[in-house]
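Student: next input, structure requested:
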Amino acid sequence: MKVGVIDYGVGNLGSVVRALEELDVTPRLIDRPVDLHDAGCLILPGVGSFTDCANLLDRGGWFDALRQEVLEFGRPLLGVCVGMQLLADFGVEGAADGTQGTPGLGFVPGTVEHLATRGCNLRLPHVGWNEIRCGEGCDHLFDGIPDGTDFYFTHSYTFVAQYQADVIATADYGVPVTAAVRHGHVWGTQFHPEKSSRAGFKLLANFLAGPSC
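Tutor: Sure, this is the predicted structure:
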């Protein structure tokens, strides 16, 4: 299995690569959009701001290449942290009045909004371990992971899905937080599976073992 970790100029790639290596997978760092087609499935990391990451994707020619791979060729994709947020239609961070914000990939309908605007009164950013809930009929991403398992979060913005059916796990941080999404063969986790010990490694293994990969 060829697993491509998309290297578009953000940090945190090392921990993702090491987690995959722990699963006896040999990941490939992909730093050119033209090489996306060589991977069987893709992981899109992200740290920092939605706007900065989206601009890097745009300037590097990743938007069109990713849309072709995912929408035309059906390439499975997992977005992590800001990588999950980039799956949305728009991120409102830094949005000027009268605009929808910075465009995302549009793979999972929705927007990315600041937790404070969603009513969160707790300290931000939300950093640390928090339990997730996926309820009945959990997606295969959470096979073998008990409901209520803790995962590691660090974020101030949250994914607001247009369709509740796309939300496959939630957390609570004063307000409901979208912890994971799925739309077709595209998944995203707001938490960092690569920093979430055994449960995170199990989640990555589930993604790689899925029928689409």
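
Student: and the lowest-mean-pLDDT helix or strand in the chain, what does it pack onto?
Tutor: None of the helices or strands of the chain scores lower by mean pLDDT, DSSP states H and E than helix 13-22, at a mean of 92. Applying 3 or more C-beta pairs under 8 Å, 6 or more residues apart in numbering; DSSP states H and E, one finds that helix 13-22 contacts strand 3-6, strand 27-30, helix 197-209. No exception for glycine: its C-beta is placed from N, CA and C like everyone else's.

Student: mind checking which of those is nearest L87?
Tutor: Among the helices and strands packed on helix 13-22, strand 3-6 comes nearest to L87, with 12.6 Å by C-beta to C-beta.

Student: return the set of buried residues in that closest one.
Tutor: Neighbour-count burial for strand 3-6 flags V3, G4, V5, I6 (criterion: 16 or more other C-beta atoms under 10 Å).

Student: what's the closest non-adjacent residue to the first one?
Tutor: So that's V3. P27 (4.7 Å; C-beta to C-beta, 6 or more residues apart in numbering).

Student: OK, contacts around the one you found?
Tutor: When contacts are counted by C-beta atoms under 8 Å, 6 or more residues apart in numbering, P27 touches V3, G4, V5, V16, V17, L20, E21, I43.

Student: pretty sure V92 is touching L115, no?
Tutor: No. Look at V92 against L115 with C-beta atoms under 8 Å: they stay out of range, at 11.9 Å.

Student: my guess is Y173 contacts N130. True?
Tutor: Yes. Contact criterion C-beta under 8 Å: Y173 and N130 qualify, at 6.4 Å.

Student: how many residues are close by the closest residue to R118 other than its chain neighbours?
Tutor: Excluding the flanking residues, the one nearest R118 by C-beta to C-beta, 6+ apart is V175, at 5.1 Å. By other C-beta atoms under 10 Å, the residues close to V175 number 14.
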